[in-house]
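Visitor: Quick one: sequence plus predicted model below, questions after.
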Amino acid sequence: MNKASKILRKTGHVLLDIFYYSSMALCGFILLRIFVFGSYRIPSDSMEPAILPGDYVLVNKLAYGARLFDLFSAMEEKEVRIKRVPGYTSVKHDDVVIFHIPYPNKPDKMEMHMLKYYIKRCIAIPGDTLRIVNGIYAVNGDTSKRLGNYKGELVMSQKSKEAFPQGVYNTFPRDTVLNWNIKDFGPLYLPRKGDRITLDRTNTLLYKKIIEWEKGYPLPLENDTLRDNGTPLQDYAFSHNYYFMGGDKVENSHDSRYWGLLPDDLIVGKAWIVWKSVDPFLKETRWNRVLKRIK
């Protein structure tokens, strides 16, 4: 074997080694992104003052358990079956959570869009009964526990109906009989997996969209009664856990007060730290926010 052949052979081995180790590193990074962490840039002010526009948030996926599903089908916005590996904790009150926007395309159809996310604070968890009393969150009748941005809620509680911009005051489920609004909301029970409820008029209004999401098809509403293939639904047993999410900027947040309850499958992970922050107007790094723990 001449010298040129030896050089070519050695170069080939080096290139193969580079390709092998690069592939291993890439696979490792992908696995880390799927099972361990994610990074998300925050574009809006709905979580001020805890999180600012231009913050880059690192999300812990191990906390609640990573999700397994067909990524290609999800990217094509097809219906996917989601499985979640066990996490080391569960979603708790006041956790800051990243999740897919529940209604990314139509206000009456829950879907999972892989590229559309919200970041909000968990106000209520499965099994809770939530009310908003004069703008203040109250869970299970406890008005002493401060959930969400309590200072912001106090400010809002002093405002009259006329002081709110159009479209802000009235809330989910936008029913003139219930007349729920940003200051007087509920009571709303958050279903746990396995819970069975009676579908009277109020419950039908409150849970129609999530029942349709669980079943995978729309249900016609006739005379305040849901019908499934022509059969009236008198009650329903839920197959998922549901959460109520609220933004810290209480008067400027498109959250559960407006679109309803969040199913467990759409939860991505727990917001952990701000690893980078860039002022969206000045384009300068906000060093005082780098590695800031999210609380």
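Guide: Noted; the coordinates are in hand. Numbering: from 1, shown residues only.

Visitor: Please parse the chain into its domains.
Guide: By the assignment in automatic domain parsing, the chain contains the domains 1-35, 36-195+238-293.

Visitor: Flag every buried residue along stretch 221-232.
Guide: Using 16 or more other CB atoms under 10 Å as the test for burial, stretch 221-232 gives Leu226. (Each C-beta comes from the backbone N, C-alpha and C, glycine too.)

Visitor: Correction: the previous question concerned stretch 175-183.
Guide: By 16+ other CB under 10 Å, the buried positions in stretch 175-183 come out as 178, 180-183.

Visitor: if we take the residues you listed, which one ends up nearest to Lys295?
Guide: Comparing those against Lys295 with CB to CB places Ile182 closest, at 24.5 Å.

Visitor: Please name the residues that touch the closest one.
Guide: 132, 135, 156, 164, 168-171, 250-251, 257 (CB atoms under 8 Å, 6 or more residues apart in numbering).

Visitor: now do Ser239
Guide: 193-194, 214.

Visitor: Buried subset of these, written for ChimeraX?
Guide: If you want just the buried ones from the contacts of Ser239 in ChimeraX, going by 16+ other CB under 10 Å, the selection is:
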select :214
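
Visitor: okay if I get the contacts of Ser239 as a markdown table plus pLDDT?
Guide: Shown next, in a markdown table, are the contacts of Ser239 (pLDDT from 0 to 100):
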| residue | pLDDT |
| --- | --- |
| Lys193 | 97 |
| Gly194 | 97 |
| Glu214 | 96 |
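
Visitor: partner residues bridging the residue nearest in space to the middle of the chain?
Guide: Most central in the chain under CA atoms, centre = their mean is Phe99, positioned 2.7 Å from the mean C-alpha point. Phe99 has these beta-bridge partners by DSSP bridges: Tyr118, Ile267.

Visitor: okay but it is in contact with Tyr117, surely?
Guide: Yes - taking CB atoms under 8 Å as the definition, Phe99 is a contact partner of Tyr117 at 6.8 Å.

Visitor: Need the residues touching each of these two.
Guide: Shared contacts of Phe99 and Tyr117, defined by CB under 8 Å, 6+ apart, are found at Val268.

Visitor: At which residues are the helices of this protein located?
Guide: Counting by DSSP state H, the chain has helices at residues 3-35, 71-75, 150-157, 201-215, 256-259.

Visitor: now the strands: where do they sit in the stretch 151-295 of the chain?
Guide: In the stretch 151-295 of the chain, strands defined by DSSP state E, counting those that start in this stretch lie at 184-189, 196-198, 221-222, 225-228, 231-232, 235-237, 242-246, 262-263, 267-277, 292-293, listed in chain order.

Visitor: cool, the stretch 1-150 of the chain as well?
Guide: Going by DSSP E, counting those that start in this stretch, the stretch 1-150 of the chain shows strands at 37-41, 55-60, 67-68, 83-84, 96-100, 117-124, 129-133, 136-139.

Visitor: Run through who's touching the longest one.
Guide: Meaning strand 117-124. With CB under 8 Å, 6+ apart, strand 117-124 has contacts from 40, 42, 46-47, 50-51, 57, 91-101, 130, 137, 139, 147-149, 190, 243-248, 253-256, 268, 271.

Visitor: Let's see the ChimeraX selection covering just the buried ones among these.
Guide: In ChimeraX syntax, the buried subset of these is picked out as below (16+ other CB under 10 Å):
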select :40,42,46,47,50,51,57,91,93,95,96,97,98,99,100,101,130,137,139,147,148,149,190,243,244,245,246,247,248,253,255,256,268,271
